[in-house]
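1. Below is the sequence, then the predicted model.
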Amino acid sequence: MKLQIKRLISQIVLFFSANLGYQGYPGLKTGFCYPFFYCQACPAATSACPLRSLEQSVDKGSFAWRLFLYPFLIIGFLGVLTGRAVCSWACPIGLLQRGTGRVARKFKRLPIARKFGTHKTEKYFRYIKYILLVSFVFVTSYLIGFIFTDICPVGFLTGTIPTLLLNPGKFVPNYFFPIALVLFILFIVLIFLIERGWCRYFCPVGALLGPFNKISFLHISVNTKQCIHCNVCSYECPMGIDVPNMHRDPECILCGKCVTACPNRLITFERR
Amino acid sequence: MKKIVALQVCALLLVSGTLGGMFAFTTVYDEIRSGIVLVLCLSCLKLEPKTTAVFTFETVDNVPHPEFILANLSEGPVFLHYSGDACAGCDVMYPVIKDLFLIEFGKQDMYHTLVSFENATVAYIYVNIHHTVDELRDAQPIYDKDRVGGIPMFNIITLGYDNGKVKPKYTTLYGTLTTYGATTDGQRLDFLQQLVRESIQMYNQNEAGYPHH
């Protein structure tokens, strides 16, 4: 079976397994944290968003070490084994972006998109997700009690919208709704304009997983000695990585597109 | 190459060992399940439930009233307040409740007191869902009248007359009360005062027929 078909099956299966919590069908509500970005406010969610646990651990100057350590360890366990593969093989938001990727790839051909993609400052934009993680998940939660999940666009997509659809007339928007709606619209525009735009620039869970690429058992390896630098792999890469020159890049989501695309089979998955 | 393998093995052992230890020796799994997955923070949902404040006899799934509620009902109406950490809606309601009963308590405390409200006694019970005991946490779904499953949530339990019998009667309010027309702290306070007055009136009418615990 082709690698990308396997990945699609994995994404679909994990999407359904992340949604086994709908009341009575089968109503599986666990005490795990998702190792990817998904909201516990989804009516069918089985687990908690790791960011919610982290925010709660440092709420208004308090420190609950268990809630702090737990999501780190769940993410760390998968991170050490597979690096950021969770983003491309398991995350439902990754699955969504796989769907919008086709449109985004068309925009990629536009001169302005090319200019931005190859601009020397582009790599610095990728640090936004780390800044988001530190500032809106930890710092504001700790200092003023403002938490990222109150305005989270992914929470809006997976929690607010399904709740409104499943309970028509039962809920009305609260004061965070307008801000979250604006961010949600920007999120949708982003993922249609830039392939994996959310994963590249904004995903705080990706920021947690990314550093594990440096030590993960599973990683992508390029045979640089025989590489002819045709750059097909870089063009195919949804994360816009310069694949021939990467080594355990924190941005790599191990989707394997470069592995499939390389005409000389010089890019492979390595297991140590 | 050997260095990285050693690092990987050490990291895996450390992470899996600590995670296994947390599952085995801490209550973190239950804390996440009961405090985040089962009970939602309504401000995270970005929604407020549209419910009515009518009093009813029927608990969710007809589960009997918990013993601590029945015991407190001997003193007066019970005001059960569910709150939580990292919950913006809870933070909005916290000072309103303090003003309502003229009391002081910490947000992460377990707090229970008998308060005097306009010369009547009200049993006030504060439950921070993330810092409480099972008995109090387990009562939350019993009074989740509209099956919202979210905090902040307020229950006012009083006495009512039903088919020749005096029984506990309750109502449940959710969120920051905007759906009840209360958008400022003053309006929230007025709304709650009115509801507490109503519950006291019902209590006084039916108290004589209530078998005291």
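-> Sure, I can see it.
2. Just after the longest helix seen in chain B, pick out the following helix or strand.
-> Taking DSSP state H as the criterion, chain B has its longest helix at helix B:2-25. Per DSSP states H and E, the first helix or strand lying C-terminal to helix B:2-25 is helix B:28-32.
3. which stretches of chain B form helices?
-> Secondary structure of chain B (DSSP H): helices at B:2-25, B:28-32, B:42-45, B:67-73, B:88-101, B:134-139, B:185-206.
4. Can you say which of the ones you listed is packed in most?
-> Ranked by mean neighbour count under mean count of other C-beta atoms under 10 Å in any protein chain shown, the helices of chain B are led by helix B:42-45, which reaches a mean of 30. Just so you know, the C-beta spots here come from the backbone N, C-alpha and C atoms, and that holds for glycine as well.
5. now that one: mean pLDDT?
-> Throughout helix B:42-45, pLDDT has a mean value of 92.
6. which residues sit against that helix?
-> Helix B:42-45 has contacts (C-beta atoms under 8 Å, 6 or more residues apart in numbering or on different chains) with A:39, A:41, A:52, A:147, A:149-150, A:152, A:155, A:159-160, A:163, A:171, A:174, A:176, B:48-49, B:87-90, B:148, B:150-152, B:174-175.
7. And stretch A:168-186, end to end?
-> Start-to-end span of stretch A:168-186 (C-alpha to C-alpha, to the nearest Å) is 25 Å.
8. buried residues in that stretch?
-> Buried residues in stretch A:168-186, counted by 16 or more other C-beta atoms under 10 Å in any protein chain shown: A:171, A:174-177, A:180-181, A:183-184.
9. which one is the residue nearest the centre of chain B nearest to, not counting chain neighbours?
-> Closest to where the C-alpha atoms of chain B average out (C-alpha atoms, centre = their mean) is residue B:82, at 2.0 Å. Closest residue to residue B:82 apart from its sequence neighbours, by C-beta to C-beta, 6 or more residues apart in numbering or on different chains: residue B:153 at 4.2 Å.
10. cool, and residue B:26?
-> Leaving aside its sequence neighbours, residue B:26 sits nearest to residue A:66 (C-beta to C-beta, 6+ apart; 5.4 Å).
11. quick one: that neighbour and residue B:84, what's the gap?
-> Counting by C-beta to C-beta, to the nearest Å, the separation of residue A:66 from residue B:84 is 16 Å.
12. Between these two, which has more neighbouring residues?
-> Remark: of residue A:66 and residue B:84, residue B:84 carries more neighbours, 28 against 15, as counted by other C-beta atoms under 10 Å in any protein chain shown.
13. Test my guess that that one contacts residue B:127.
-> No. Using C-beta atoms under 8 Å, residue B:84 is not in contact with residue B:127, being 9.1 Å away.
14. Return the set of residues that bridge with the nearest residue to residue B:143 once chain neighbours are set aside.
-> The spatial neighbour of residue B:143 that comes closest, neighbours along the chain excluded (C-beta to C-beta, 6+ apart), is residue B:155 at 4.3 Å. Beta bridges link residue B:155 to residue B:80, residue B:172 when assigned by DSSP bridges.
15. One more: the one 4 residues further on?
-> Beta-bridge partners recorded for residue B:159 (DSSP bridges): residue B:168.
16. Near it, how many residues? Count them for me, please.
-> When neighbours are defined as other C-beta under 10 Å, residue B:159 has 22 of them.
17. same check, this time on the one 5 residues further on
-> The number of residues packed around residue B:164, counting by other C-beta under 10 Å, is 6.
18. same thing with residue B:58?
-> Residue B:58 has 11 neighbours, counted by other C-beta under 10 Å.
19. How about the one 4 residues further on?
-> For residue B:62, the neighbour count with other C-beta under 10 Å is 8.
20. Kindly report the same for residue A:203.
-> Applying other C-beta under 10 Å, we find 26 residues neighbouring residue A:203.
21. Now for it: which residues touch it?
-> Shown in contact with residue A:203 (C-beta under 8 Å, 6+ apart): A:37, A:87, A:93, A:129.
22. try residue A:102
-> Applying C-beta under 8 Å, 6+ apart, no residues contact residue A:102.
23. mind checking the SS state of it?
-> helix (DSSP: H, G, I helix; E, B strand; the rest coil).
24. Alright, that wraps it up for me.
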